[in-house]
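Asks: With the input below, show me the fold.
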Amino acid sequence: MSYIEVKNVSFSYEEEQQENKTVLDNVSLSIEKGEFVAILGRNGSGKSTLAKLLNMILVPNEGQIYIDGINITEDASDELMLKVRKKIGMVFQNPDNQIFATIVEEDVAFGPENLGIESAEIRRRVDEALATVDMSAYARHAPHKLSGGQKQRVAIAGVLAMDSECIIF
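Replies: The predicted structure follows:
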């Protein structure tokens, strides 16, 4: 089985006073570990919806999704969600939807702290992630004072610090 396996997945958003809006209809795909995949399409074609399904932000109406052999559509428990989000990191299109701490390094440390990682390892991960995205000089800065591109790099650093097996952009 592939690292990510999507089988016959459909998803519709509920629309008030209208029929549900189907965004994904019977979608299947396989992604191997270490593979780079780009999903292209116009606005509204379901790219972000698919990403949210893979990270358990949304749940499909139909079909199955497997992450590293685990069926994530059978059980939406907090325990499974945490397990999946350790494996699959997600960088949102708008970094303002992802950054919330008052200091850059605190924001990057948030994920590893919530995983219960020890302080010394968090410090190492934060420093390494900020260096990787060339933002070490901004570690003590307020994120809201950064440019859009700098905020995007901080959001990426936050996911890198989680040490996820897969990152969805």
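Asks: can you confirm residue 167 is in a strand?
Replies: Yes: read with DSSP: H, G, I helix; E, B strand; the rest coil, residue 167 is one of the residues of a strand.
Asks: could you point out where this protein is predicted with low confidence?
Replies: When residues are selected by pLDDT under 70, those of the chain lie in 16-19.
Asks: Could you give me the buried positions within stretch 129-148?
Replies: Using 16 or more other C-beta atoms under 10 Å as the test for burial, stretch 129-148 gives 129-130, 133, 135-136, 138-139, 141, 143, 146. Placement of C-beta: from N, CA and C, glycine included.
Asks: can you list contacts of that stretch?
Replies: By C-beta atoms under 8 Å, 6 or more residues apart in numbering, the residues outside stretch 129-148 that reach it are 95, 99, 101-105, 107-108, 126-127, 150-151, 153-154, 156-158, 160-161.
Asks: Among the residues you listed, which ones are in strands?
Replies: Among these, no member is found in strands (DSSP state E).
Asks: ChimeraX command to pick out the buried ones of these?
Replies: The buried residues among the contacts of stretch 129-148 can be selected in ChimeraX (16+ other C-beta under 10 Å) with this line:
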select :95,99,104,105,107,108,126,127,150,151,153,154,156,157,158,160,161
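Asks: what's the closest non-adjacent residue to residue 169?
Replies: Closest residue to residue 169 apart from its sequence neighbours, by C-beta to C-beta, 6 or more residues apart in numbering: residue 91 at 4.9 Å.
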